[in-house]
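Enquirer: Here is a sequence together with a model predicted from it:
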Amino acid sequence: MTAPGFELYDHQSPLTLDLERLTHLAEAAWQRVIVEPGPEEPALPGLALVEVSFISDEAISQVHAEFLDDASATDVITFAHGEILISTDTAIRQAAEQGQTPEQEVALYLIHGLLHLNGHEDHTQEGFTRMSRLQEAILREVF
């Protein structure tokens, strides 16, 4: 199976991002994610391109409200057509709480989005637990 292309866009300012490194991380994570399909219909195997945008809490709140009827900020939103939105504001806050770097938190969100694209869900306790274990294991391997 051929990996999709990855295009990363930096639309935020609080965090300096190494987009080349994050692209390599996404490619490495894809290799691990693709062999772990979730219970829902995966979109990832059929995607030619995955677009990842790094945005602010304000921007992700607007998308969250429009598509999920929740105006709060969130860490990552994934669309089945291959788009992943990541809030770097949330990553900075959560990294401090989790005792890791914002770069690790951003990488975790990227992996989380890829897992969603491969059919994983986190709305049930079982799905959340499985997804958490997988994303942490993949993060350790590729970061």
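Expert: That came through, no problem.
Enquirer: Just name whatever secondary elements the longest helix anywhere in the chain is in contact with.
Expert: For the chain, the longest helix by residue count, based on DSSP state H, is helix 125-142. Here helix 125-142 touches helix 19-33, helix 102-117, going by 3 or more CB pairs under 8 Å, 6 or more residues apart in numbering; DSSP states H and E. C-beta here means a position set from N, CA and C on the backbone, and glycine is covered the same way.
Enquirer: okay, those helices in JSON lines with mean pLDDT and mean neighbour count next?
Expert: Output for the helices and strands packed on helix 125-142, formatted as JSON lines (pLDDT from 0 to 100; neighbours: other CB atoms under 10 Å):
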{"stretch": "helix 19-33", "mean pLDDT": "97", "mean neighbour count": "18"}
{"stretch": "helix 102-117", "mean pLDDT": "98", "mean neighbour count": "24"}
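Enquirer: can the ones you listed go into CSV with extra columns for distance to residue 47?
Expert: Output for those, formatted as CSV (distance: least, CB to CB, whole Å):
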stretch, distance to residue 47
helix 19-33, 10
helix 102-117, 7
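Enquirer: and the gap between residue 30 and residue 2?
Expert: Distance, residue 30 to residue 2, using CB to CB, to the nearest Å: 10 Å.
Enquirer: returning to what we had before: could you write out the alpha-carbon coordinates of the longest helix of the chain in PDB?
Expert: Provided in PDB are the C-alpha atoms of helix 125-142 (Å, rounded to 0.1, in the frame of the first residue of the first chain):
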ATOM      1  CA  GLN A 125     -14.500   4.000  26.800                       C
ATOM      2  CA  GLU A 126     -13.200   0.900  24.900                       C
ATOM      3  CA  GLY A 127     -12.300   3.000  21.900                       C
ATOM      4  CA  PHE A 128     -10.700   5.700  23.900                       C
ATOM      5  CA  THR A 129      -8.500   3.300  25.800                       C
ATOM      6  CA  ARG A 130      -7.400   1.500  22.700                       C
ATOM      7  CA  MET A 131      -6.700   4.700  20.800                       C
ATOM      8  CA  SER A 132      -4.800   6.100  23.800                       C
ATOM      9  CA  ARG A 133      -2.600   3.000  24.000                       C
ATOM     10  CA  LEU A 134      -1.900   3.000  20.300                       C
ATOM     11  CA  GLN A 135      -1.100   6.700  20.000                       C
ATOM     12  CA  GLU A 136       1.300   6.600  22.900                       C
ATOM     13  CA  ALA A 137       3.100   3.500  21.600                       C
ATOM     14  CA  ILE A 138       3.400   5.100  18.100                       C
ATOM     15  CA  LEU A 139       4.600   8.400  19.500                       C
ATOM     16  CA  ARG A 140       7.400   6.500  21.400                       C
ATOM     17  CA  GLU A 141       8.400   4.800  18.200                       C
ATOM     18  CA  VAL A 142       8.400   7.800  15.800                       C
END
